[in-house]
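**Q** Please work out how this folds:
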Amino acid sequence: MPKLEFAFLADAAEAEPGRKFYVLGGGVDSIGAHAFPVVHPHLALLIRVSVHPTEAERAHILEIRLIDSDGGELARMEGNFQAGGGPPGREMPMNISLAVSNIRFERPGDYSIELLLDNQHVKSLPLRLYQVEQPVV
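**A** Numbers count the residues shown, from 1 in each chain. Predicted structure coming up:
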């Protein structure tokens, strides 16, 4: 099974497979809003997995679930990836950057992004939505 090296949320991210990644505003774990429901325009999810050469030529499944504070599933993304060949005996890093746009949050609370690789849970990313007070004018 591929091994998760890291995963985090950012304002924006771009990744080159097996190479560098570029991040703006990394480490997002909370979002404030003046009113709810709110539609958040853009987040990026950056993931790096390492694939052992014995696993490289077969398809792997990455599943991402957005869970609300009651445990309900708000969104799900799923896709396959394959590492391809590499040097013998050396794990191959794979950078994955996903844009997550226009997510609607009905209320403040604790949300999470759940990552699964080949149907195995590998990481939970907490995301707190909170009410920002309107300034008094």
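**Q** Just give the closest residue to the residue most central in space within the chain, not the sequence neighbours.
**A** Central residue of the chain (C-alpha atoms, centre = their mean): residue 45, 3.6 Å from the mean position. In this structure, residue 45 finds its nearest non-sequential neighbour in residue 98, 4.6 Å apart by C-beta to C-beta, 6 or more residues apart in numbering. The way it works is simple: take the backbone N, C-alpha and C, and place the C-beta from them, glycine included.
**Q** Which elements pack onto the helix or strand harbouring the one you found?
**A** Element membership for residue 98 (DSSP states H and E) is strand 92-105. Packing partners of strand 92-105 (3 or more C-beta pairs under 8 Å, 6 or more residues apart in numbering; DSSP states H and E): strand 3-15, strand 38-51, strand 60-67, strand 73-81.
**Q** contacting residues for the residue nearest to the centre of the chain?
**A** 7, 8, 9, 10, 13, 64, 97, 98, 100, 113, 125 (C-beta atoms under 8 Å, 6 or more residues apart in numbering).
**Q** cool, and residue 40?
**A** When contacts are counted by C-beta under 8 Å, 6+ apart, residue 40 touches 31, 33, 102, 103, 105.
**Q** gap between residue 52 and residue 28?
**A** 30 Å (C-beta to C-beta, to the nearest Å).
**Q** With residue 50 instead?
**A** In terms of C-beta to C-beta, residue 50 sits 24 Å off from residue 28.
**Q** same deal with residue 100?
**A** Taking C-beta to C-beta, one finds residue 100 at 11 Å from residue 28.
**Q** Quick check: neighbours shared by those two?
**A** Joint contacts of residue 100 and residue 28 (C-beta under 8 Å, 6+ apart) are residue 43.
**Q** Could you check how many residues crowd around residue 113?
**A** 21 (other C-beta atoms under 10 Å).
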